[in-house]
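Q: could you look at this predicted model? Sequence included:
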Amino acid sequence: MKVLVVNLLRLGDVISMASALKALRLQTEQSAGAANEPTEIHLLVNRGVESVQEILPGIDRVHIFERNRLQSSLVDANRPMFEAYDVLEDLVESLSQEKFDAIYNFTHNRLSGWLTGLIPATKKVGLAMDGTGGVSFGSAWFRHLNQQVDFEEEQSFHHSDVFFAAAGGLALQRERRFQEAHILDGVLRETPAGQRRALEVLKETGFDPAQGGALIALQISTSDIKKEWGDEKYRELVLHLVASHPGHRVLILGAPNEAMRIRDFVESFDNHGRVKEQIHAAIVSLPTVVSLLEVCHLVITGDTSIKHIGSASSATVFEIAAGSADPFRTGPWKHGDFVIASREACRPCGHSEKCHRETHACSDTLPAVEVARLVEALLSGRDELARRAARVSAFDIYQVDRSEGMAQLNSMNSRSHNELAMDRDVALSVERSARRLVLESRDGRWDRMTMGTETRLAFSALLSKFPTTSKVDLRHLLGGGETYLRHAEGLVRSLRIQLDRVKESIQDPKRVHELVSSVAVMRSRLGKNPWTMFAIEPLMSVLEDDRSAPFTRYRRLADTIADLENRIEMALKLIRGIDAELMTEDSKELR
């Protein structure tokens, strides 16, 4: 079986799909093994990113997309008029000759969608566009990725988890839950050359674990100035860290093209005596970074490729999110990683947008002294960090939780602890669990016989998100949620009945107007409660579509109602199951 994986984004985005690649390899090998066929996985990436093959296991061949050449030829008057067309045609022809059985598009933009549509394959997963502009997704997870653009941050699934699920990763995770090795282990690989160079770097630092210090990796640069915290703040952070323990060693990581900036940063400590001995520049390759991070205790970084390598390593990631960095969708994804982020209303901004503020507010509101105290607390132990984080009110602090099998950011210093906020947070947690199971069910990868296991996972995720909330309070909130969802179930059912009546007269403007009015009323009612707010976006999309033909609007509304029915049904099942788990835990504690 031959598979093409398409990712026409930056290095960090390619690395973030490492877990999906592992799941795809395992799924493909299972299918090919049953058919007694060899397995081949090809990767299509932009020029300049091809070196990622060294650290991604299971890639048999890399194809190059000449993005820069195509773009420059389109604007350079001295280049042949059809150069870009010829280059693209040659690429499509060469890929077509490979005769791929399946294509997975992990880019999700129009360029990759058109390209995926041009390459023949029996199965296409991810955005694909045909010659008429028709769109297909091949998976409920990618269709959902297209929809969650409009979601609030905390409602969104992490992009790496969407890719992982679309590649069958969640199903494999369920199958292997009793195995010692986790499916997310070993998603990146070390190379002999990278290991040798990493040992040389470690020797240069003079790091001695016997002294009790920590080996800390620091990535000060990002691909976008908006995402940067600033060298001066990093300098202040480093001074605090090395002063707190003589055994600490700090590696300032950088690629060869960043060497001058990294060396200037390290040399700025020349007048700080002993401190200089604890700070070292590490201008290294990708394979060396992979090996280095396996022995580091902590990785402090912005939104960079190093962050994603760190999430695939044993080191704890501490992301400083600024600018367009979106920790909920593209942040660190390993259980136990951390993120700090400004509470500025404009964050996160769009990738292509310039900062409209007079100062870099989302960076300035993350003071170096406070960040240093958090890092020092983390190095002292997670309990100490939890105590320190609870006292911080100037910015948000999150911890990654994978209790349920997907990354979820739990706040360590919630801005509000009143009942209304709690109700919203519990509702969101249950809704995410229900949505995950519905999407898996649509892709045919969820067995209802595992509902007990899924309920237990949702229960664990809820306890992890609300560790200080009593089980009695949680049961009270869940009981209220069940009442609201039962009410929503009745409203959706009444709309289903009305829809069935309109079916034979869908061309009648009066009947259609009545139906749309009912949708507007139901949206208004469901939008008033946190347990049913998930219905707002799909119902709004139906209301806003006043240009489509009546039958198209009818089909869209029918699909929306079916989706809401499934999500409400799944949420009610989870609530009943979680409530039973809480009752069991309560009875154990009473004994």
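A: Sure thing, it's come through.
Q: what ranges do the helices span in the stretch 251-400 of the chain?
A: 259-267, 286-293, 305-311, 327-330, 361-364, 368-380, 382-390 (DSSP state H, counting those that start in this stretch).
Q: residue 149 is nearest to which of those helices?
A: Closest to residue 149 of the helices of the stretch 251-400 of the chain, according to CB to CB: helix 327-330, at 9.4 Å. Using the backbone N, CA and C atoms, a C-beta is placed for each residue, glycine as well.
Q: before we move on, what SS does residue 250 have?
A: strand (DSSP: H, G, I helix; E, B strand; the rest coil).
Q: tell me the confidence at it?
A: Predicted confidence (pLDDT) for residue 250: 96.
Q: which residues does it contact?
A: With contact taken as CB atoms under 8 Å, 6 or more residues apart in numbering, residue 250 is in contact with 216, 217, 218, 238, 241, 242, 278, 279, 280.
Q: could you dump those to TSV with distance to residue 249 and neighbour count?
A: Formatted as TSV, these follow (distance: CB to CB, whole Å; neighbours: other CB atoms under 10 Å):
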residue	distance to residue 249	neighbour count
216	7	25
217	10	26
218	11	24
238	11	27
241	10	25
242	8	23
278	6	23
279	8	25
280	7	17
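Q: among those residues, name the ones in strands.
A: 216, 217, 218, 279, 280 (DSSP state E).
Q: so the last one bridges to which residues?
A: Just to be clear, that refers to residue 280. residue 251 (DSSP bridges).
Q: for the second one, same thing?
A: Residues found in beta-bridge contact with residue 217 (criterion: DSSP bridges) are residue 251, residue 299.
Q: contacts only, for it.
A: So residue 217 contacts 250-251, 253, 282, 292-293, 296, 298-301, 306, 310, 315 (CB under 8 Å, 6+ apart).
Q: helices of the stretch 51-200 of the chain, start to end?
A: Using DSSP H, counting those that start in this stretch, the helices of the stretch 51-200 of the chain run over 67-75, 83-96, 110-118, 140-147, 159-166, 169-175, 192-205.
Q: which one of the ones you listed lies nearest to residue 584?
A: Taking CB to CB, helix 169-175 is the member of the helices of the stretch 51-200 of the chain nearest to residue 584, at 22.0 Å.
Q: show me how the protein divides into domains.
A: Following automatic domain parsing, one gets these domains for the chain: 2-175, 192-411, 417-591.
Q: could you dump these into JSON lines and include distance to residue 184?
A: Listed next are those as JSON lines, based on distance: least, CB to CB, whole Å:
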{"stretch": "domain 2-175", "distance to residue 184": "6"}
{"stretch": "domain 192-411", "distance to residue 184": "8"}
{"stretch": "domain 417-591", "distance to residue 184": "15"}
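Q: most packed of the helices of the stretch 51-200 of the chain?
A: Greatest average neighbour count among those goes to helix 159-166 (a mean of 27), per mean count of other CB atoms under 10 Å.
Q: now do that helix: distance to the chain's middle.
A: Distance, stretch centre to chain centre, for helix 159-166: 8 Å (CA atoms, centre = their mean, to the nearest Å).
Q: tell me the angle of it relative to helix 140-147?
A: 150 degrees (axes from the mean of the first three to the mean of the last three CA atoms, to 10 degrees).
Q: let me see the mean pLDDT of helix 159-166.
A: Rounded mean pLDDT across helix 159-166 is 95.
Q: does anything pack onto that helix? Which helices or strands?
A: helix 11-16, helix 18-34, helix 140-147, helix 327-330, helix 419-442 (3 or more CB pairs under 8 Å, 6 or more residues apart in numbering; DSSP states H and E).
Q: pick the most deeply packed of these.
A: Ranked by mean neighbour count, the helices and strands packed on helix 159-166 are led by helix 11-16 with a mean of 24 (mean count of other CB under 10 Å).
Q: so for that one, mean pLDDT?
A: pLDDT averaged over helix 11-16 gives 95.
Q: could you do stretch 261-275 as well?
A: 90.
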